[in-house]
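Visitor: what follows is a predicted protein model with its sequence.
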Protein chains: 2
Amino acid sequence: MTEQFQKQLDDYFEFLRFPSISTASEHAGDVRACGDWLVGKLGGMGMSVELHETPGYPVVVARNAHREGLNTVLIYGHYDVQPVDPLELWDSGPFEPELRDGRVWARGATDNKGQMMTHVLGVEQMLSERGELPVNLIFLFEGEEEIGSPNLVPFLESHKEELACDIIAVSDTGMVARGVPTMGYGLRGIACCEVTVRGPKGDLHSGLYGGAVANPATAVARLVASLHDADGNIAIDGFYDDVKPLEDWEREMWAQVPGVTREDILDTTGSPDVFGEPGYSSAERLWARPTAEVNGIGAGYQGEGSKTVLPAEAMAKFSFRLVPNQDPKDIAEKVEAHLIKHAPAGVSVEVHAGHDGKPYYADPNSAFGKAGQVALEKAFGKKPVLIREGGSIPIIKDMQDILGADSLLLGLALPDCQIHAPNENFYVENFEGGIRMSQVLLDELSKVE
Amino acid sequence: MTEQFQKQLDDYFEFLRFPSISTASEHAGDVRACGDWLVGKLGGMGMSVELHETPGYPVVVARNAHREGLNTVLIYGHYDVQPVDPLELWDSGPFEPELRDGRVWARGATDNKGQMMTHVLGVEQMLSERGELPVNLIFLFEGEEEIGSPNLVPFLESHKEELACDIIAVSDTGMVARGVPTMGYGLRGIACCEVTVRGPKGDLHSGLYGGAVANPATAVARLVASLHDADGNIAIDGFYDDVKPLEDWEREMWAQVPGVTREDILDTTGSPDVFGEPGYSSAERLWARPTAEVNGIGAGYQGEGSKTVLPAEAMAKFSFRLVPNQDPKDIAEKVEAHLIKHAPAGVSVEVHAGHDGKPYYADPNSAFGKAGQVALEKAFGKKPVLIREGGSIPIIKDMQDILGADSLLLGLALPDCQIHAPNENFYVENFEGGIRMSQVLLDELSKVE
C-alpha cells in the first residue's frame, strides 16, 4: 500500500466514524459534526467552501478556482447515513470501520460516504499533483438524503445561478457485477396512492348478512385485480400512452448485462418464477417498463383461526413505478379515474394520492455521456455497460429540471455491499477504482465542447 | 300481574342471576350451579331429571312420565351465556335482572335462558293444571352452546335411544318483528378455508424488483376476484350444483316478511346499497342462496403513509355459507380446486380447509310443521311467517342426522334484543307469549298422527 493510499484510507475511515444518522434526532450533533469535518477537509484541499444552513441539516458546497471557458461539473453526494439496527447482526461496529477480506466494513462504507469520498480524494490528488483542475468543479453534499432530501429542492431553487453547471456526476447507484463498470442514464419515477373501500357502518356477521350486501374485502380485491389483465399488462386506460419505447441498442445491451437474467432474479429473490409484462426481458421490465404494485392490502380478521366477519372497510396501498416520459400527476389522475370507474357495486371507494417523483432519463450517448463512458473504460479497463435503474432517486430529476443539467450515474456499489442493512461494506478495489475514475472523468469532461 | 305470572318471573330472574359464562373458566362454578338449579327446578315440577357429566359442562335431561302411544317431543335449550364485556356499556348489572320499559334486562334474558324458560314454565303450568302432558316430553339442556357444543354430538350419539323422538322444538332464533310469529325451517351451513400465497423469500424493494416477479398481494387479490363474476354470481365450477331451488311459495311468503326489505337491510347495515346474486331478493339471498365471503385479507404494509415494499406473502380467509343440499366437504374440494386452478403465475398457492357445518332444512308444511304453525297462530293471534336463517346452528342438523327428527325453530328474539351484546333484553310480551305458545304447541303436536 502506498503512503498516499494509506492517507486516503485514513480520511475515509475518519469520515465513516461519524454516526451521521439523519433519521435519528439523537444523532443531530453527529450529522452536523460530520458536515463540519467535510468543510475542513475540502478547505484543506484549497477549495472555497460554504456551509449553508437549511431548516434541517446543512448543505456543503465547495468550488475550485473557476476559470472562464472551462466546463462546469457538479458532483453530488450525501454525508448522512441510514440507521444501524439491528445492531447485533453486525460483525464489527458500524462506526468502527475495519478493512477485512478486501472490503471496508461500516455504515456508509458504500452509501454514500465511500462513493462520494472517491471523488473528494480524486480531486485532492489532482489538485496536489497539478495545482488546478481541468474543469470548474462544484461539490454539492447534503445531509438529508436518507430522509428524502426535504430541503434540497428549495436550496437548488434559491441557488440555481451559483450552481449552474454543464453536467452532473453522481456515484450513488450500483455496478451490475464486480469488475463491470456501469453507467446509469435512467431512473424510474413513482406515484403512490391509497384506496379505502367502505361498506356497512360496522363489521357484520357473515351468516346474518352475507350475500345481501357487498363485502369491502371482495371489492378491494376486485379493484386490485382490475389493474392488470391476466397476462400482466396494466389495464388502466392510457397508462402506457407516454412510455418512451425501448431502443434496439438498449435491448441488445441489456441482453448482455450480468445480474439481471431470469436465473439471477430467481436466485436473488427466491420467487418461484419470474413474472411480468409479456414481450420484455427481466431487465427491460425492471428498467424501462412501468409497474402497478400493491404494497399493502388489508381487511377483516387476519389473526389465527377463523372469524366469520363481513368487514366494514378494506384498504390497499399502491405504488406505480414510472418510466420516461410518464408524468406522475397524469398517472395519478388516470389511476384514480380507473379505480372510481371500476368501483364495485354496493361500496364506496375513496382514493388518496400519495407522494410522487418523476422518472429520469438522459441520453448516455450525448457528448458528456460518451465522456463518462470513456472515463469508466479508462479507469476499469473495460467498456462500461449502460443501464437504467428500477428504483427512484427524485433529486436527479429535480437537478435536471432546476439546474438544466443531466447526471451521469457512475455507481460503485456491488450487489453484496449490504446498503441499508447490517454489515454494509465497500470493496477496496472500487474505492481505489473510484479515485482513479474521478480524475479521468474530470479530464474527459473537460474535453467536451 | 297475576300471582302465577309473578312466580314465573321470579323463577326466570333466579335463573338469570347465575353468571353461567361458559367461555370463562373463572365462571366454571357458576355454570355448574346454574345446571344444578335447573335440575332442582325440573325435579320440583315432578319430572324425572338426569344430570349427565361430560368432559365439559353437564347436559341436563328431564322427562315427564312417558306413556305408550303418545308423540315424543324433544325441547332443546342451553343454560350457558355469552361474556358480558364491555361491562361499562350496561345500564344495569348483567346478572341483576331488571324489569324496565316492558322488557327484562340481563345477560341471557333472550339467549337462551328467557326462551328456554318459557318452555319450562309452560310445561310447569300444564302439569300443575292437568297433572300430565299430552305428549312424551324430553327436555335437553346443555351448558356449552356458546363454546360450540363440543360435547353434545358425542352425547347424542351415545344416548340416541333414550333421546329418540318424533319432533324437536327449539326457541333460540328470532321473530322477524314485534308481534309477527315466526317459524324457521332452514339454516345455512358453512365451509371455511384459508389461502396463503407466497412469492419471493423475503419482502422486496418495489423499485428494485417490481415488474420482474409476481406480487403475492396482487395474486391473492386476483384469486379473491376470481370467486365471483362481475354480477355477483359465484364462479366456482359446480358450486351451485346441489343447491335446492327456491319454491314459489317461499318467494311469495318472503316478499311479505318484514325486516328484510332493501330498506331494512340498508337501515340495519348502513351499507351504501344492497348487493348480491342477480335475480334474488335480499331475503332470498340471505336465507336460500350460498355465499363466498372474504373474512380477512392481508399482505404487506398496512400502517400509515407508504412503504414501497413488494410483500413476500399474502393471505385471505374465506367462509362459504351453504344451503340445502350443498355438502361442506364437497364445496371445500371445489373451492380448493378453483383456487389451485386460478393460481396466478409466479407464486405458490396453499389452501387450508377450516371448520365446517352442514346446512339444515325441514319441510315446514309437514304434519309436525303445520302443528307448529297452528300453535304460533293460536299463541300470538296471527298467522306465522315461515323463514329460513342466514346463520348456522350446526347442532340442529346434527340432531336431524343422529336422532332422525326435524326441529321447529320457534324463535322469540327480536332484532333489538341485543343478544351477545351489552343490554341484552327480552320483551315481557314474548316471555308471556312463549309460555302460552309452549302449551299450545304440546297440544298441537300431540294431535299429529
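Guide: Arrived safely. Residues are numbered from 1 along each chain as shown, chains lettered A, B, ... in the order given.
Visitor: what about whichever residue of the stretch 51-200 of chain A sits closest to chain B, how many neighbours?
Guide: Among all residues of the stretch 51-200 of chain A, A:Pro200 sits closest to chain B, at 4.1 Å; criterion: Cβ to the nearest Cβ. For every residue, glycine as well, the C-beta is placed using N, CA and C. For A:Pro200, the count of nearby residues is 24 (other Cβ atoms under 10 Å in any protein chain shown).
Visitor: I'd say it and B:Ser271 touch.
Guide: Yes. Contact criterion Cβ atoms under 8 Å: A:Pro200 and B:Ser271 qualify, at 4.7 Å.
Visitor: residue numbers of the stretch 101-250 of chain A in contact with chain B?
Guide: Proximity of the stretch 101-250 of chain A to chain B is confined to A:188, A:190, A:192, A:194, A:198-202, A:204-215, A:217-218, A:220-228, A:232 under the rule Cβ under 8 Å from any Cβ of the partner chain.
Visitor: need the buried ones from those selected in PyMOL.
Guide: Applied in PyMOL, the following selects the buried portion of those according to 16 or more other Cβ atoms under 10 Å in any protein chain shown:
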select buried, chain A and resi 188+190+192+194+198+199+200+204+206+207+208+209+210+211+212+213+214+215+217+218+220+221+222+223+224+225+226+227+228+232
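Visitor: which helix of chain A spans the most residues?
Guide: For chain A, the helix with the greatest residue count under DSSP state H is helix A:428-447.
Visitor: and that one, what's buried?
Guide: Within helix A:428-447, the residues scored as buried using 16+ other Cβ under 10 Å are A:428, A:430-445.
Visitor: residue nearest the centroid of chain A?
Guide: A:Ile393 (3.9 Å; Cα atoms, centre = their mean).
Visitor: quick one: residues contacting the residue nearest to that residue when sequence neighbours are not counted.
Guide: Excluding the flanking residues, the one nearest A:Ile393 by Cβ to Cβ, 6 or more residues apart in numbering or on different chains is A:Leu187, at 5.4 Å. By Cβ atoms under 8 Å, 6 or more residues apart in numbering or on different chains, the contact list for A:Leu187 reads A:359-361, A:388-389, A:391-393, A:396-397, A:409.
Visitor: ok, those residues vs chain B, which is closest?
Guide: Using Cβ to the nearest Cβ, A:Gly391 comes nearest to chain B of these, at 3.3 Å.
Visitor: show me the domain layout of chain A.
Guide: In the assignment given by automatic domain parsing, the structural domains of chain A cover A:3-187+A:359-447, A:189-243+A:290-357.
Visitor: so for B:Gly238, which of those sits nearest?
Guide: Of all the domains of chain A, domain A:189-243+A:290-357 sits nearest to B:Gly238, with 18.7 Å by Cβ to Cβ.
Visitor: and that closest one, end to end?
Guide: Using Cα to Cα, to the nearest Å, the end-to-end distance of domain A:189-243+A:290-357 comes to 5 Å.
Visitor: for stretch A:354-368, same thing?
Guide: One end of stretch A:354-368 to the other measures 35 Å (Cα to Cα).
Visitor: residues of it that come out buried?
Guide: Across stretch A:354-368, burial judged by 16+ other Cβ under 10 Å covers A:354, A:356-362, A:364, A:368.
Visitor: on the three-state scheme, A:Tyr12 is what?
Guide: Of the three states, A:Tyr12 takes helix under DSSP: H, G, I helix; E, B strand; the rest coil.
Visitor: so it touches A:Met116, yeah?
Guide: No. Here A:Tyr12 lies out of contact with A:Met116, judged by Cβ under 8 Å, at a distance of 10.3 Å.
Visitor: which stretches in the stretch 1-150 of chain A count as helices?
Guide: Ranges of helices within the stretch 1-150 of chain A are A:3-16, A:28-44, A:113-130, based on DSSP state H, counting those that start in this stretch.
Visitor: my guess is A:Arg222 meets B:Ser226, correct?
Guide: No. The criterion here is Cβ under 8 Å, and A:Arg222 misses it with B:Ser226 at 9.8 Å.
Visitor: A:Asp111 reaches A:His420, doesn't it?
Guide: Yes. Using Cβ under 8 Å, A:Asp111 is in contact with A:His420, at 6.9 Å.
Visitor: now for those two: what residues contact both?
Guide: Joint contacts of A:Asp111 and A:His420 (Cβ under 8 Å, 6+ apart) are A:Gln82.
Visitor: of these two, who's got more company?
Guide: Applying other Cβ under 10 Å to A:Asp111 and A:His420 shows that A:Asp111 carries more neighbours, namely 24 against 14.
Visitor: and the closest residue to that one other than its chain neighbours, what does it touch?
Guide: Excluding its sequence neighbours, the residue lying closest to A:Asp111 (Cβ to Cβ, 6+ apart) is A:Ile419, at 4.0 Å. The contact partners of A:Ile419, by Cβ under 8 Å, 6+ apart, come to A:82, A:110-111, A:413.
Visitor: now do the same for A:Ile419: helix, strand or coil?
Guide: Classification of A:Ile419 using three-state DSSP returns coil.
Visitor: give me the neighbour count for the residue nearest to A:Gln400 when sequence neighbours are not counted.
Guide: With sequence-adjacent residues excluded and distances taken as Cβ to Cβ, 6+ apart, A:Gln400 is closest to A:Asp406, at 6.1 Å. Residues lying near A:Asp406 (other Cβ under 10 Å) number 22.
Visitor: swap in A:Thr72?
Guide: As a burial measure, A:Thr72 scores 18 neighbours (other Cβ under 10 Å).
Visitor: so what's A:Lys75 scoring on pLDDT?
Guide: One correction, residue A:75 is Ile, not Lys. At A:Ile75, the pLDDT value in this model is 98.
Visitor: partners of it in the sheet?
Guide: Per DSSP bridges, the residues bridged to A:Ile75 are A:Phe139, A:Ala169.
Visitor: which ones are touching it?
Guide: A:Ile75 neighbours (Cβ under 8 Å, 6+ apart): A:116, A:119, A:137-140, A:168-170.
Visitor: pipe the residues you listed into CSV and attach neighbour count per row.
Guide: Converted to CSV, the contacts of A:Ile75 look like this (neighbours: other Cβ atoms under 10 Å in any protein chain shown):
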residue, neighbour count
A:Met116, 24
A:His119, 26
A:Leu137, 26
A:Ile138, 22
A:Phe139, 22
A:Leu140, 24
A:Ile168, 24
A:Ala169, 24
A:Val170, 25
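Visitor: with pLDDT as added columns, please give the residues you listed in CSV.
Guide: CSV is the format used below for the contacts of A:Ile75 (pLDDT from 0 to 100):
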residue, pLDDT
A:Met116, 98
A:His119, 98
A:Leu137, 98
A:Ile138, 98
A:Phe139, 98
A:Leu140, 98
A:Ile168, 98
A:Ala169, 98
A:Val170, 98
